[in-house]
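# Mind looking at a prediction? Sequence and model below.
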Amino acid sequence: MFGGVKSWRCHQGPDFGKRRKAKYREQRDRIERERHVQIKRRTPPVSKKIGCTAMLYAHKLVKFPGYKVSTDSEPSKRSRDKMKKALLQEALTEPGVQMEILYQVRLPSLAAHNHPVPNDITRKRRRIQKVKFTAKTEIAELVPSQEAELTDTDFLHTFRVTKSVYEFLVGEWQHEVAERLMKEGVPVAELDQYKQHVLAALYYFGSTEKLAPASERFSMSPIAFLNTAVRFADFLIRQQDIYMNMPRLDERLVIAEAIKNVSGFPGVMGAMDAALIHMRTPPGPEKQDYCYDKSKAGFKCAFVLQFIVDQRLIFRDIHLDAPSAGPRIQIFQESGAWFTLQNLTSSETHVVAPAVYPLAPAIMTPHMNDVLSYQEALFNENHREALKLAANAMALFKSRFKRMQQLDRHVENNSKFVRASCILHNIALLNEPETVLDRLSLEYNRRVDDEGWHFVGKEETVAEFGILGGEEKRHYLTTVMTGRCDGLLSYVQFPSQLEC
């Protein structure tokens with residue numbers, strides 16, 4: 001079966017920019033005539049494009065050893081297309097179908113060039129070997145990545161989760177699809193294709209590779225690859241009620257005890273803050289909403305992700321908004337956490353947050369007096385240690401799922417990807433041993449990445465209001481605050497530059 005052809009032109013081939021250059025010169029001359037101005041001109045470089053017609057072709061052939069042709073015949077084009085479609089459908093749905101991918105490289109002769117070419121035999125042999133090596137390298141990248149071919153460490157570094165988490169995700173997705181098909185009365189066929197779909201989506205979330213080369217690794221078109229990632233994100237978002245929720249009272253007490261043992265701050269059930277999730281400048285008027293800084297270089301756009309994390313760096317609540325919504329306190333007032341924290345029935349637990357958030361019985365912020373007493377300074381020190389949970393969680397989140405460091409320009413898809421990655425972050429932490437994080441390469445510095453975004457355009461200040469009972473509770477905690485013991489704030493130890 002013929003799978004396509006890829007061609008390369010000679011580096012001295014046709015000049016495809018000739019019309020564009022002529023159009024620019026015409027526009028430049030017209031502006032000079034109409035506006036009576038002199039546009040600065042540079043001496044154009046001499047182009048090496050001389051219209052050489054030499055071409056190099058690489059033909060892709062797919063063989064199916066299990067399907068031998070019994071008779072030699074020449075069917076019509078319609079029947080050939082029908083046979084080809086049926087064969088591809090069977091190869092995608094039935095497991096165990098063997099395929100052999102072959103590449104035939106056709107090199108141009110020296111006579112095909114219309115310019116002098118070195119005729120040194122040794123140099124020619126080196127060039128041929130280089131072309132063949134390049135072709136072999138590209139062919140290896142086009143072969144879909146299979147989980148069985150990778151060691152546990154390589155799989156973790158490539159797809160950013162362990163094999164056990166990958167198998168768990170495949171099983172959950174297949175189970176959901178099977179239940180839906182049964183309710184609709186549709187026979188449940190083989191669902192092995194979801195193994196490849198989960199691999200493709202995990203690779204997209206865990207890498208910064210562009211869409212086109214990433215899709216080639218899985219023998220998918222860029223649109224199909226992106227649609228697979230979107231469908232996987234939709235599946236994860238449907239699991240949010242299972243893997244992301246505010247802790248119950250008994251859970252809050254356990255979390256508070258764990259955090260107190262290492263930070264010295266009593267009653268903390270989580271840390272709350274917000275961070276930027278950068279993306280390329282979206283088209284149309286949306287770039288005004290998601291722009292947090294505008295300079296000569298252009299728009300800097302991002303989402304604002306507000307989050308609450310516990311002692312295991314698991315997201316308990318998230319809220320996604322645009323920077324145009326305002327500073328952190330305004331974004332917080334639009335989130336569900338605003339109502340949840342006000343309605344907490346237990347006065348024993350609370351979250352810690354920066355001083356830009358309002359002081360409340362369920363939200364403890366640091367003292368911001370010019371002169372602090374010993375107990376107030378001790379309160380702030382322990383508060384700062386507990387708040388490091390937020391910075392450490394975001395460092396782990398963006399280090400594991402590198403796509404969150406720079407998203408594409410499509411706002412709707414990006415919103416799904418951020419939410420899905422937060423849920424995937426929780427699933428991984430809940431189903432992986434703690435030692436896995438020591439094997440991951442953590443390459444994210446929030447202090448550098450966020451670039452002081454909350455001071456750009458809308459300068460933040462200390463919250464000027466609080467909720468009844470917050471000041472009294474902070475005064476009581478300040479009075480009973482004791483020094484903390486030395487230890488880690490969580491089971492993950494991050495470099496000091498990641499903490500803020």
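Yep, it's here.
# And stretch 105-114, what's buried?
V105, P108, H113 (16 or more other CB atoms under 10 Å). To be clear about C-beta, it is placed using only N, CA and C from the backbone, and glycine gets the same treatment.
# My reading is that the second one lies in a strand. Confirm?
By that I understand P108. No: going by DSSP: H, G, I helix; E, B strand; the rest coil, the assignment for P108 is coil, not a strand.
# And for it, nearest residue in space, chain neighbours not counted?
Once flanking residues are discounted, P108 sits nearest to A54: 4.1 Å by CB to CB, 6 or more residues apart in numbering.
# which of the buried residues of stretch 105-114 lies closest to A233?
Within those, the smallest distance to A233 is 38.8 Å, found for V105 (CB to CB).
# where does the stretch 101-250 of the chain dip in pLDDT?
Under the criterion pLDDT under 70, the flagged ranges of the stretch 101-250 of the chain are 118-148.
# mind listing what T153 touches?
T153 sits next to R439 when contact means CB atoms under 8 Å, 6 or more residues apart in numbering.
# Pop out the phi and psi values for it.
phi -70, psi -40 (degrees, to the nearest 10).
# same deal with Q104?
Dihedral angles of Q104 (phi, psi; degrees, to the nearest 10) stand at phi -110, psi 120.
# How about the one 5 residues further on?
In this entry, S109 is assigned phi and psi values of phi -80, psi 160 (degrees, to the nearest 10).
# And the one 4 residues further on, by the same measure?
When quoted as degrees, to the nearest 10, the phi and psi of H113 stand at phi -80, psi 140.
# Pull the number of nearby residues for the residue lying closest to it once chain neighbours are set aside.
Distance criterion CB to CB, 6+ apart; nearest residue to H113, sequence neighbours excluded, is A54 at 4.8 Å. Per other CB atoms under 10 Å, the neighbour tally for A54 reads 20.
# Contact partners for A54?
So A54 contacts R9, C10, G13, P108, A112, H113 (CB under 8 Å, 6+ apart).
# Pick out the least confidently modelled helix or strand of this structure, by mean pLDDT.
None of the helices or strands of the chain scores lower by mean pLDDT, DSSP states H and E than helix 121-142, at a mean of 47.
# surely N413 meets R231?
No: applying CB atoms under 8 Å, one finds N413 not in contact with R231, separated by 11.2 Å.
# Strands of the stretch 201-350 of the chain, start to end?
Assigned by DSSP state E, counting those that start in this stretch, the strands in the stretch 201-350 of the chain fall at 268-279, 291-295, 298-309, 315-321, 350-352.
# Which among those strands is found nearest to M83?
Nearest to M83, of these and by CB to CB, is strand 268-279 at 44.6 Å.
# That closest one - what's its average pLDDT?
Averaging pLDDT along strand 268-279 gives 94.
# what's the closest non-adjacent residue to the residue most central in space within the chain?
Nearest to the mean C-alpha position of the chain, by CA atoms, centre = their mean, lies R403 at 2.0 Å. Using CB to CB, 6+ apart and skipping the chain neighbours, the partner closest in space to R403 is F205 (5.1 Å).
# ok, that neighbour - how many residues close by?
Under the criterion other CB under 10 Å, the count of neighbours that F205 has is 24.
# chain center to stretch 195-206, what's the gap?
The chain centre lies 11 Å from the centre of stretch 195-206; the measure is CA atoms, centre = their mean, to the nearest Å.
# can you check stretch 154-163 too?
Stretch 154-163 sits 15 Å away from the centroid of its parent chain (CA atoms, centre = their mean).
# distance between the ends of that stretch?
In stretch 154-163, first residue to last residue: 10 Å (CA to CA, to the nearest Å).
# so who does the nearest residue to S47 once chain neighbours are set aside touch?
Nearest non-adjacent residue to S47, counting by CB to CB, 6+ apart: D15, 5.9 Å away. Shown in contact with D15 (CB under 8 Å, 6+ apart): S47, K49, G51.
# Let's have these in JSON lines, adding pLDDT and distance to M244.
Below are the contacts of D15 laid out as JSON lines (pLDDT from 0 to 100; distance: CB to CB, whole Å):
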{"residue": "S47", "pLDDT": "74", "distance to M244": "57"}
{"residue": "K49", "pLDDT": "79", "distance to M244": "56"}
{"residue": "G51", "pLDDT": "81", "distance to M244": "60"}
